[in-house]
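Asker: dropping a prediction and its sequence here:
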Amino acid sequence: MPNRILKESISTSPTVDELTAEEEVFFYRLLVACDDYGRFDARPPILRARCFPLRLDLITDGNIRYWLGRLQEVGLLTVYAVGGLPYLQLATWERHQQVRAKRSKFPSPDSADPSSAETCKQVIADASICPRNPIQSESNPNPNHVVSADSTTTEAPEPKFSEGDPPYDLSVHLRGKILGNDPKAKVPNATPSAMERWARDFDLLIRVDSRDPPEVLDMIEWSQAHEFWRTVCLSPGAYRKNFTKMGLQKKVASRANGRAREPVRDMDFYESDPYLQRIRENVAAEAQGKVGADA
């Protein structure tokens, strides 16, 4: 099997940044599993054995189905069927890899069956309704629900977040900011079920990373107006990954401007919460004190 090429730009790819760590590892292992044309057998048991030969006791076919769905969702691959069997094609393969073989080991997507879409539904899991990783309970919205190795479908859990919950409202707000910068950007629909994954990531940012909602809101406003960060932060997951780095850069920019930036206050659901209002007042008072001291 020829060596594969990984370019430096993959580290700042907005598409790859949409993936969790487990999904990204699966993507890289697919790169070395595919043939010279970026194609491979898409049957979960085959992928599981080829990509994770030393982790068969940890990785299930359910994991593979879900990860396939996620990679297809963000546009990194396409799953199709030929002769009733599923195959996958990695996107933009010819732009990044060297094609040495004269012919592919697997059928082309151009030869896909008319009923290819129905076959693929039995192979991949819908990324909007399946748990992100049954192995890790922290990122699993329903810890008691595990996709079994021989299952082909997964029931959709009830959305955990809805309008009025800070994680959901922050998700909707971020969605609006992204579309404001690029009306054709790929974002989820503004419904609780579609925004569940985004809301879950914002919930982790608030609970696990100890970032209070006004601080997150302020960072959204700053980053979506920033020439570089608005091209990187296209999902709540990107905010979790880059929050500390952006915070440091934001402080440097504030000092360069000669003043501290006050937290934004354009989301109504914060105005009615007395606890969050006290936080805003304390942050504003501290910022004013620093400005006075610098003067």
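Answerer: Nice, I can see it. Everything quoted here is computed from the prediction, not taken from an experiment. Residues are numbered from 1 along each chain as shown.
Asker: without its sequence neighbours, what residue ends up closest to Ala238?
Answerer: Spatial nearest neighbour of Ala238, excluding adjacent residues (CB to CB, 6 or more residues apart in numbering): Asp17 at 5.1 Å. (Each C-beta comes from the backbone N, C-alpha and C, glycine too.)
Asker: surely that neighbour is in contact with Ser235?
Answerer: Yes - Asp17 is within contact range of Ser235, at 7.1 Å (criterion: CB atoms under 8 Å).
Asker: the more surrounded of the two?
Answerer: More crowded of Asp17 and Ser235, by other CB atoms under 10 Å: Ser235, with 25 against 19.
Asker: phi first, then psi, for the closest residue to that one other than its chain neighbours.
Answerer: Distance criterion CB to CB, 6+ apart; nearest residue to Ser235, sequence neighbours excluded, is Glu18 at 5.5 Å. Dihedral angles of Glu18 (phi, psi; degrees, to the nearest 10) stand at phi -70, psi -20.
Asker: still on that earlier bit, residues contacting the residue nearest to Ala238?
Answerer: Counting by CB atoms under 8 Å, 6 or more residues apart in numbering, Asp17 touches Val232, Leu234, Ser235, Gly237, Ala238, Lys241.
Asker: ranges for the helices of the stretch 1-150 of the chain?
Answerer: Here the stretch 1-150 of the chain has its helices, by DSSP state H, counting those that start in this stretch, at 14-17, 21-33, 44-51, 61-73, 93-96, 116-121.
Asker: looking at those helices, which is closest to Gly176?
Answerer: helix 14-17 (17.8 Å; CB to CB).
Asker: export that closest one as PDB, just CAs?
Answerer: This file holds the C-alpha atoms of helix 14-17, laid out as PDB (Å, rounded to 0.1, in the frame of the first residue of the first chain):
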ATOM      1  CA  PRO A  14     -12.700  24.000   9.100                       C
ATOM      2  CA  THR A  15     -14.100  20.700   7.800                       C
ATOM      3  CA  VAL A  16     -11.800  18.500   9.800                       C
ATOM      4  CA  ASP A  17     -12.400  20.800  12.800                       C
END
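Asker: would you mind listing where this structure has pLDDT under the threshold?
Answerer: Scanning the chain for pLDDT under 70 picks out the ranges 1-3, 5, 7, 94-99, 101, 116-159, 258-280, 282-295.
Asker: walk me through the domains of it.
Answerer: As given by automatic domain parsing, the domain ranges for the chain are 8-121, 166-294.
Asker: give me the contacts around stretch 106-117.
Answerer: 35, 37, 39-41, 78, 80-84, 87, 89, 119.
Asker: narrow those residues to those that are buried.
Answerer: Those of these that meet the buried threshold are Asp35, Tyr37, Arg39, Phe40, Asp41, Thr78, Tyr80, Ala81, Val82, Tyr87, Gln89, Thr119, by 16 or more other CB atoms under 10 Å.
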